[in-house]
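Participant: Pasting the sequence and the predicted model now:
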There are 2 protein chains.
Amino acid sequence: MKGIRRLAKHLNISIGTVSRALNGKPDVNEETRKRVLAAAVELGYEPNQAGRSLRKGSTGAVGLMIESSPETAANSDNFFLGLIDGLQSVLSRQSLDLLVLPCPSEEDPNDYLQRMVARQLVDAMILSATQHRDPRIALLSGADIPFVTMGRAGFGDSHAWIDLDFEGVANRAIDRLVGQSHRRIAVAVPPTDVNLGSIFLDGYKTALRRHGLPFDPDLVIYAKTTEQGGYVAGDQLLGLSERPTAILLVYELMAIGLYRRLSEAQLRVGKDMAVIGFRESPRSRFLSPRLTCFRMSLHELGGSLAESLLAVMPQFQAQYPLGAVHMIWPMELVEGESDGPPGG
Amino acid sequence: MKGIRRLAKHLNISIGTVSRALNGKPDVNEETRKRVLAAAVELGYEPNQAGRSLRKGSTGAVGLMIESSPETAANSDNFFLGLIDGLQSVLSRQSLDLLVLPCPSEEDPNDYLQRMVARQLVDAMILSATQHRDPRIALLSGADIPFVTMGRAGFGDSHAWIDLDFEGVANRAIDRLVGQSHRRIAVAVPPTDVNLGSIFLDGYKTALRRHGLPFDPDLVIYAKTTEQGGYVAGDQLLGLSERPTAILLVYELMAIGLYRRLSEAQLRVGKDMAVIGFRESPRSRFLSPRLTCFRMSLHELGGSLAESLLAVMPQFQAQYPLGAVHMIWPMELVEGESDGPPGG
DNA sequence: CTGAAAGCGCTTACAG
DNA sequence: CTGAAAGCGCTTACAG
């Protein structure tokens, strides 16, 4: 005999009463409850999740879907680990467990998510790596699973999301560079359909316009978000007839290749070419000169994501009356030595 | 009506036959099976995991326990993401899903694991961040959950494990440095009880002995595995009465602080002080001069971990007759510019 | 080859 | 306040 039945037998009461006592139902004699709780500890009882889920139709767990592809691995640095800790700090207050669901790189993300949802091992989902047209959003909406996405999609505000402040960063980076008298400023964005690329580019254009600077399509460099991509971006930069004096990068991994290419051309980062990166990461601290970039708290971002998820879960809406959150996450400038006035 | 009952109703057969057809049991008419499979696709049927787990007592999922503490996040770089992709490449062949279980930093790892095991959401576990005396090993052994650990523990070979080749790396690093005529070589290890520290130190001592070099306790620097720790290690190095000409680091994060401290003291890395790191990571490529270190394939390591786990799972032992694997994972030297003969 | 039935461990109306 | 019973969705001996 095992499980709740064993406990009931041991205490000589019914399994119903044991269950009610364990679950904090009000209609249980306090004396009985104490005995049950003590026996549970004594016998090391833990509720079987399968039995509970089957009966209740909910799991007490929340899923975070990530991609385990080599590209994601290379670019995410400590992003997910930091996020996870923040998520849990909030979820644990509701006794919700976080399950990280890594989509294998060979599997279609939409198929994978469908499988995980059908398995019913979580009550709600957090999606990352949101695409501009992301079929997963329709999937979850249709299946009536509460969810929030890390990153905007192109569907406007039909669901809850939090996204990094790509526009704000592009704006402030341009402000800073223009303040340092730069007039020709390049920007490096990924060549793929990923949403952040176009958002970053829009912010860049807006900021130029605000300063009365012309937009030159030649200064938009489409490059892979890798070290090699940064090297190639450097190549393109140097090949331009009228060379820019500054460049904005949307991924810090590109900075290594760019630094190397510039150094080969005898150009000093921060003096002959100003470089500003996007997110400060442990990695960017390895660069010399140190990269000027933007800081954010992954822990707090995770916490906000968790709260915005709770706000769309029926069981928790009363406690988190936020509605469907649409939030741009602010980022703070970190001054490095990688930028400065043109010509040093 | 939903689930298997809906399918059965739709096809006008019993739920038992539907289940048998879906699960590939041999005693089903081929014609019936085809109809069931077609209907399953048509109606978008996916088995409910709770029902299945409850009945079968197994889940078809494997858990990877990681720590989400800020320290782990800072030091792991792409370690887990890379590992995960390798794990899945093997697990998916057995239709096993991987669930990543992140232990919150506020929770005791042993309590967390106990909770996850009791929930019965996975059939087997992979543990990381193994301690020298790790109570989780006794917990899983006692609960009769198949598991493998990433990292040795102090219990010898009572369970399956794979660990990085700390001894080999220390040995080859010393060989290389001695070959470059270094005689006084320091080593930086973490001040905590983590197993890799003492293993690395043992390898270092063995290698010195092999070259007839004396072991000087002053040359063992206990430092935090952080940027700040590297800076402090540099301080200690410079403060030694007879300054060493080379140093081995067990975490590359320390290299930033060390580089900075050496630069402040007008010492050139690779010329005035040779530095060799442990694992090559995307980060170490950000350093200049580039760090000499050791390379491994996270994807292959993940694959081997998965195979060694399958080998201890009763359902898969026949296919993976490896027994309980105890494997030291080889690493390959990557020459950087951070070491060389003393004095340049 | 198929159907009817039992039962995995739990929660929750329902009666008392 | 407690017990007896139903049932969540599935798999699997057992009969036929």
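Facilitator: The structure has been received and is ready for your questions. Numbering: from 1, shown residues only, chains lettered A, B, ... in the order given.
Participant: Now do the domain split for chain A, please.
Facilitator: Residue ranges for the structural domains of chain A, counted by automatic domain parsing, are given in the record as A:3-47, A:61-164+A:297-329, A:166-295.
Participant: gap between the two ends of the longest one?
Facilitator: End-to-end distance for domain A:61-164+A:297-329, by CA to CA, to the nearest Å: 25 Å.
Participant: That domain: how far from the chain's middle?
Facilitator: 8 Å (CA atoms, centre = their mean, to the nearest Å).
Participant: does it come close to DNA strand C?
Facilitator: No. In terms of CB under 7 Å from any atom of the strand, no part of domain A:61-164+A:297-329 sits within range of DNA strand C; the closest distance is 11.0 Å. C-beta: built from backbone N, CA, C; applies to glycine.
Participant: quick check: longest helix of chain A.
Facilitator: Assignment by DSSP state H gives helix A:195-210 as the longest helix of chain A.
Participant: about what we covered before: kindly reformat the domains of chain A as a markdown table containing distance to B:Ala265 and mean neighbour count.
Facilitator: Shown next, in a markdown table, are the domains of chain A (distance: least, CB to CB, whole Å; neighbours: other CB atoms under 10 Å in any protein chain shown):
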| stretch | distance to B:Ala265 | mean neighbour count |
| --- | --- | --- |
| domain A:3-47 | 56 | 14 |
| domain A:61-164+A:297-329 | 29 | 19 |
| domain A:166-295 | 16 | 20 |
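Participant: List the contacts of A:Arg119.
Facilitator: Going by CB atoms under 8 Å, 6 or more residues apart in numbering or on different chains, A:Arg119 touches B:46-49, B:97.
Participant: how about a cut-off of 6 Å?
Facilitator: With contacts defined as CB atoms under 6 Å, 6 or more residues apart in numbering or on different chains, the neighbours of A:Arg119 are B:Gln49.
Participant: ok, back up a step: between the domains of chain A, which gets nearest to DNA strand D?
Facilitator: Between DNA strand D and those, the shortest gap by CB to the nearest atom of the strand is with domain A:3-47, which sits at 2.9 Å.
Participant: Run the chain-centre distance for the closest one.
Facilitator: Using CA atoms, centre = their mean, the distance between the centre of domain A:3-47 and that of its chain works out at 41 Å.
Participant: Strands of chain A, start to end?
Facilitator: With DSSP state E as the criterion, chain A has strands at A:61-67, A:97-103, A:124-127, A:147-150, A:160-164, A:185-189, A:220-222, A:246-249, A:274-279, A:292-295, A:326-329, A:332-334.
Participant: Distance to chain B added to those strands, as a markdown table?
Facilitator: Written out in a markdown table, the entries for the strands of chain A read as follows (distance: least, CB to the nearest CB, whole Å):
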| stretch | distance to chain B |
| --- | --- |
| strand A:61-67 | 8 |
| strand A:97-103 | 4 |
| strand A:124-127 | 13 |
| strand A:147-150 | 16 |
| strand A:160-164 | 18 |
| strand A:185-189 | 17 |
| strand A:220-222 | 20 |
| strand A:246-249 | 13 |
| strand A:274-279 | 11 |
| strand A:292-295 | 13 |
| strand A:326-329 | 18 |
| strand A:332-334 | 15 |
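Participant: Take these and lay them out in JSON lines including mean pLDDT.
Facilitator: What follows is the strands of chain A, written out as JSON lines (pLDDT from 0 to 100):
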{"stretch": "strand A:61-67", "mean pLDDT": "95"}
{"stretch": "strand A:97-103", "mean pLDDT": "95"}
{"stretch": "strand A:124-127", "mean pLDDT": "97"}
{"stretch": "strand A:147-150", "mean pLDDT": "96"}
{"stretch": "strand A:160-164", "mean pLDDT": "96"}
{"stretch": "strand A:185-189", "mean pLDDT": "96"}
{"stretch": "strand A:220-222", "mean pLDDT": "96"}
{"stretch": "strand A:246-249", "mean pLDDT": "97"}
{"stretch": "strand A:274-279", "mean pLDDT": "95"}
{"stretch": "strand A:292-295", "mean pLDDT": "96"}
{"stretch": "strand A:326-329", "mean pLDDT": "96"}
{"stretch": "strand A:332-334", "mean pLDDT": "97"}
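Participant: and the angle from the longest helix of chain A to strand A:185-189?
Facilitator: Using axes from the mean of the first three to the mean of the last three CA atoms, to 10 degrees, the direction of helix A:195-210 lies 170 degrees away from that of strand A:185-189.
Participant: For helix A:195-210, which helices and strands make contact with it?
Facilitator: Using 3 or more CB pairs under 6 Å, 6 or more residues apart in numbering or on different chains; DSSP states H and E, the elements in contact with helix A:195-210 are helix A:166-179, strand A:185-189.
Participant: May I see the domains of chain A arranged in CSV, with distance to B:Arg285 as well?
Facilitator: Written out in CSV, the entries for the domains of chain A read as follows (distance: least, CB to CB, whole Å):
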stretch, distance to B:Arg285
domain A:3-47, 45
domain A:61-164+A:297-329, 10
domain A:166-295, 6
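Participant: so which of the ones you listed comes closest to B:Arg210?
Facilitator: Closest of the domains of chain A to B:Arg210 is domain A:166-295, at 32.9 Å (criterion: CB to CB).
Participant: Quick one: closest of the domains of chain A to B:Leu219.
Facilitator: Taking CB to CB as the criterion, B:Leu219 comes closest to domain A:166-295 out of the domains of chain A, the separation being 25.4 Å.
Participant: Count the neighbours of the residue of the stretch 51-200 of chain A found nearest DNA strand C for me.
Facilitator: When scored by CB to the nearest atom of the strand, the stretch 51-200 of chain A has A:Gly51 as its residue closest to DNA strand C, at 3.0 Å. Residues lying near A:Gly51 (other CB atoms under 10 Å in any protein chain shown) number 15.
Participant: Show me the shaky parts of chain A.
Facilitator: Applying pLDDT under 70 to chain A flags the ranges A:155-156.
Participant: ok, the nearest residue to A:Gly229 once chain neighbours are set aside - contacts?
Facilitator: Nearest residue to A:Gly229, sequence neighbours excluded (CB to CB, 6 or more residues apart in numbering or on different chains): A:Ala223, at 4.1 Å. With contacts taken as CB under 6 Å, 6+ apart, A:Ala223 has the following neighbours: A:188, A:229, A:232-233.
Participant: Let's see which of the residues you listed end up in helices.
Facilitator: Counting by DSSP H, the part of the contacts of A:Ala223 found in helices is A:229, A:232-233.
Participant: Please tell me how far the spatially most central residue of chain A sits from A:Pro217.
Facilitator: To find the centre residue of chain A, average its C-alpha atoms and take the closest one (CA atoms, centre = their mean): that gives A:Met150, at 4.7 Å. Computed as CB to CB, to the nearest Å, the A:Met150 to A:Pro217 distance reads 30 Å.
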